[in-house]
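Undergrad: The following block contains a protein sequence and its predicted model.
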Amino acid sequence: MILPIVAYGSPILKKMAEEIDENYKDLHKLIDDMYETMYEASGVGLAAPQIDRSIRLFVVDASPFAEVEEGEELDPMAAGLENFKKVFINPIIEEQSGEEWGFAEGCLSIPNIREEVFRKPKIKISYYDQNWNFFEEEYDGFAARIIQHEYDHVEGVLFTDYLTPLKKRMLKKKLVNISKGDTDASYRMKFPTLKKGKR
Ligand code: NI
């Protein structure tokens, strides 16, 4: 089932999400719905607060980044993303290291805005998968960046929080418009300042 994606300005996106346990109801169905919702919106990551659940869960599938047209070569940055499809439950980023690098990020909750965000290239993260297996792993490059972005969502942080005051001022009108439902996202969204869902 495709779920509406919560838009910028919704309080749930600014809230620290709660951990869940094995008794969380219909977890597998929720994960399936999150993947379906993410694919429909052409995203590579989706966090539970974005579908209106304040829990520490996100899904990623970065394999589209590693797709190459015939005759093209794989971008070295995308190496290793071919099978990067994972569910992260109760994640904790234990460590981040290396020299920060900039990349223009986007977010399904903030359609049609991309801005450069600086992040460290290497992370160590612990988490549970959908079957409650525990992992502690290291990631770098794009995989790390996608995880950092989604992890921020369960911490109540958006990429726009990293922008300079000047940049924020320049984007203010666009962001206010998104929160009012004045956006042409190709997927269904839920807006904070509208009573009813609007497409
Ligand atoms: Ni996002």
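TA: Cool, got the structure.

Undergrad: And K180, how far from P11?
TA: Using C-beta to C-beta, to the nearest Å, one gets 15 Å for the distance from K180 to P11. All C-beta spots, glycine's among them, are computed from the backbone N, C-alpha and C.

Undergrad: now S97
TA: Going from S97 to P11 by C-beta to C-beta gives 33 Å.

Undergrad: longest strand in this structure, by residue count?
TA: In the chain, assigned by DSSP state E, the strand with the most residues is strand 85-97.

Undergrad: So which bits of the very next helix or strand once past it are buried?
TA: Reading on from strand 85-97 to the C-terminus, the next helix or strand found by DSSP states H and E is strand 101-107. If you call a residue buried by 16 or more other C-beta atoms under 10 Å, then strand 101-107 has these buried ones: E105, C107.

Undergrad: who does strand 101-107 pair up with?
TA: Strands flanking strand 101-107 in the sheet, each with its direction: strand 110-119 (antiparallel) (DSSP bridges).

Undergrad: Now the strand it pairs with: buried residues?
TA: I110, P111, I113, E115, V117, R119.

Undergrad: Does the second one touch T183 like I think?
TA: Read that as P111. Yes - with the criterion set as C-beta atoms under 8 Å, P111 and T183 qualify as a contacting pair; they are 5.1 Å apart.

Undergrad: Please enumerate the helices of this structure.
TA: According to DSSP state H, the chain carries its helices in the segments 27-40, 141-154, 165-180.
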